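K.L.:
Got a predicted structure here, sequence first:
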Amino acid sequence: MPPTHESTDHRGTPCLRLRNEGATALVALHGAQLLSWIPADGRERLFLGERAQFTPGSAIRGGVPVVFPQFGERGNLRKHGFARLLDWTFEGVTDDAAIFELRDGPDTAQWPHAFACRLSIGLAAARLAVALEVENRGAVPFDFTAALHTYLRVDDIAQVSLEGLQGCDYEDSANGGTLHRQHEHAVAFDGEIDRIYNDVVAPLILVDGGHRLDIKHDGFGDTIVWNPGAHLAARIGDLAPGEHARFACVEAGQVLAPVLLAPGERWRGSQALG
Ligand SMILES: O=P(O)(O)OC[C@H]1O[C@H](O)[C@H](O)[C@@H](O)[C@@H]1O
């Protein structure tokens, strides 16, 4: 079923509220950024920082920021690219999702390519599906990296574990990009963790005390796992004291091998939570 939608705002930022099968989601046009996802059981699943900034040109701390066309500082653009800094257009709903679009224009001139990004957000009683599609609308090939930088709300990060990564190799961004293999059954969050896992095939399970969330990725080759830990969090201006303990970022990304798109080609990656 297509979600119903109504325009609203959140702290002055224009948003769309989506509803379907008793679930609701709130999406800011700024970045096409999901700010809230409440399945039919009524429990919020996304973290949104109390001090999140809702000003043009800045990134919103929490929800599901769209990272495009550059992940992190792996290029000459601003960290995590421009997609999370710009207003997207709401294009309407299909049979099962709401569609948002960002196209090249004066605000994307620092990356001189003709492109269209489409973000689709599908909502069911206990499931959220987010997909990013990128199209090359120009005459020359381009490459990009991207991610759905999902901030999952947790009760207490010290009690959280992430299962499904055993045996996977990862780049440890918190330790100079060194390479490691995950030997433990689950990832625990004790202090700063900033890893890029590749070739993840199994569905992941975030265990948060008595709650479990299944996480599935399709099209994205990497999974980024991030929490700043207390020490680094104290230096992040838009995180309130103690808030690092309220989220775990489990991001669907295409980072280690950039996507190369020929003119007219499309790429698609998705993340499903539920
Ligand atoms: O503070 P931001 O620009 O939103 O980035 C937040 C985090 O995003 C990703 O998870 C990266 O792996 C981290 O290195 C980075 O610190």
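P.N.:
Perfect, thanks for sending it.
K.L.:
Relative to the centre of the protein, find the outermost residue for me.
P.N.:
Within the chain, residue 139 marks the point farthest from the mean C-alpha position, 29.1 Å out by C-alpha atoms, centre = their mean.
K.L.:
in the stretch 51-200 of the chain, which spans are strands?
P.N.:
Per DSSP state E, counting those that start in this stretch, the stretch 51-200 of the chain carries strands over the ranges 66-67, 89-93, 98-103, 115-124, 127-136, 142-148, 151-153, 160-163, 169-172, 178-181, 186-188, 193-198.
K.L.:
Switch those strands over to CSV, and while doing so, append mean pLDDT to every line.
P.N.:
Putting the strands of the stretch 51-200 of the chain into CSV (pLDDT from 0 to 100) gives the following:
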stretch, mean pLDDT
strand 66-67, 99
strand 89-93, 98
strand 98-103, 98
strand 115-124, 98
strand 127-136, 98
strand 142-148, 98
strand 151-153, 98
strand 160-163, 98
strand 169-172, 98
strand 178-181, 98
strand 186-188, 97
strand 193-198, 97
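K.L.:
would a markdown table of those strands with mean neighbour count and distance to residue 8 be doable?
P.N.:
Yep, even glycine has a C-beta here, placed from its N, CA and C like the rest. Listed next are the strands of the stretch 51-200 of the chain as a markdown table, based on neighbours: other C-beta atoms under 10 Å; distance: least, C-beta to C-beta, whole Å:
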| stretch | mean neighbour count | distance to residue 8 |
| --- | --- | --- |
| strand 66-67 | 26 | 20 |
| strand 89-93 | 14 | 12 |
| strand 98-103 | 20 | 13 |
| strand 115-124 | 21 | 15 |
| strand 127-136 | 21 | 18 |
| strand 142-148 | 23 | 23 |
| strand 151-153 | 23 | 20 |
| strand 160-163 | 20 | 31 |
| strand 169-172 | 18 | 39 |
| strand 178-181 | 11 | 44 |
| strand 186-188 | 18 | 36 |
| strand 193-198 | 21 | 34 |
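K.L.:
about what we covered before: surely the residue farthest from the centre of the chain touches residue 113?
P.N.:
No: with contact defined as C-beta atoms under 8 Å, residue 139 does not reach residue 113; the gap is 10.0 Å.
K.L.:
Around the ligand, which positions in the stretch 101-250 of the chain sit nearby?
P.N.:
Residues of the stretch 101-250 of the chain lying close to the ligand (C-beta under 6 Å from any ligand atom) are 173, 194, 224, 226, 249.
K.L.:
Are any of these buried, and if so which?
P.N.:
The neighbour-count test (16 or more other C-beta atoms under 10 Å) marks 173, 194, 224, 226, 249 as buried among those.
K.L.:
residues touching whichever residue of the stretch 101-250 of the chain sits closest to the ligand, list them.
P.N.:
Using C-beta to the nearest ligand atom, residue 226 is the residue of the stretch 101-250 of the chain that sits closest to the ligand, at 3.3 Å. Contact analysis of residue 226 by C-beta atoms under 8 Å, 6 or more residues apart in numbering lists 193-195, 248-249, 251.
K.L.:
picking that back up, out of the strands of the stretch 51-200 of the chain, flag the one nearest residue 220.
P.N.:
Nearest of these to residue 220, taken as C-beta to C-beta: strand 142-148 at 7.5 Å.
K.L.:
in its sheet, what does the closest one sit against?
P.N.:
Here strand 142-148 is paired, per DSSP bridges, with strand 66-67 (antiparallel), strand 247-261 (antiparallel).
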